[in-house]
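Student: coords below, sequence missing:
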């Protein structure tokens with residue numbers, strides 16, 4: 001019976017030691033898990049901050065893109081107006097060239113008429129001298 005009591009005592013001590021060792025391991029595991037949770041919370045807050053910064057940058061980029069789109073529309077309208085003005089100016093140039101050609105033609109006709117009249121005057125002047 002003494003032997004049995006010793007065996008039971010030893011088993012009890014061993015069982016308590018195993019329980020404490022298991023408890024220590026579990027406590028260490030809980031501490032590691034808490035540390036991991038804290039690390040994950042930090043990473044989550046950091047990622048959230050980065051996400052907010054990216055969202056802000058995206059908003060700014062969208063505003064810039066909208067401004068560029070508006071500006072390009074304005075420039076396209078301006079270009080169309082300038083194109084219409086060019087067409088009008090070319091039409092005016094063509095009309096002026098026709099007017100210049102007409103004036104040149106009239107001037108040439110007038111020059112020929114003046115030459116004819118000079119010739120006629122010169123002939124009458126020669127006839128009157130004779």
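Tutor: Arrived safely, thanks for sending. Computed from a predicted model, the values in this text were never measured in an experiment.
Student: and residue 40, what pLDDT?
Tutor: Listed pLDDT for residue 40 reads 97.
Student: Can you tell me the element it falls in?
Tutor: Using DSSP states H and E, the element containing residue 40 is helix 2-129.
Student: how distant is that helix from the center of its chain?
Tutor: 0 Å (Cα atoms, centre = their mean, to the nearest Å).
Student: Counting by contacts, list what that helix packs against.
Tutor: Counting contacts by 3 or more Cβ pairs under 8 Å, 6 or more residues apart in numbering; DSSP states H and E, helix 2-129 is packed against no other helix or strand. C-betas here are computed from N, CA, C, even on glycine.
Student: Centroid-nearest residue for the chain?
Tutor: Central residue of the chain (Cα atoms, centre = their mean): residue 65, 4.6 Å from the mean position.
Student: Look up how far residue 11 lies from that residue.
Tutor: Residue 65 is 77 Å from residue 11, where distance means Cβ to Cβ, to the nearest Å.
Student: now do residue 66
Tutor: From residue 66 to residue 11 the distance is 79 Å (Cβ to Cβ).
Student: Could I get the average pLDDT for stretch 91-111?
Tutor: Here the average pLDDT along stretch 91-111 is 96.
Student: Repeat that for stretch 12-29.
Tutor: Averaging the model's pLDDT scores along stretch 12-29 yields 92.
Student: Same check on stretch 58-77?
Tutor: The average pLDDT for stretch 58-77 rounds to 97.
Student: can you list contacts of that stretch?
Tutor: Applying Cβ atoms under 8 Å, 6 or more residues apart in numbering, stretch 58-77 has no contact partners.
Student: List the buried residues of it.
Tutor: By neighbour count on 16 or more other Cβ atoms under 10 Å, the buried set for stretch 58-77 is empty.
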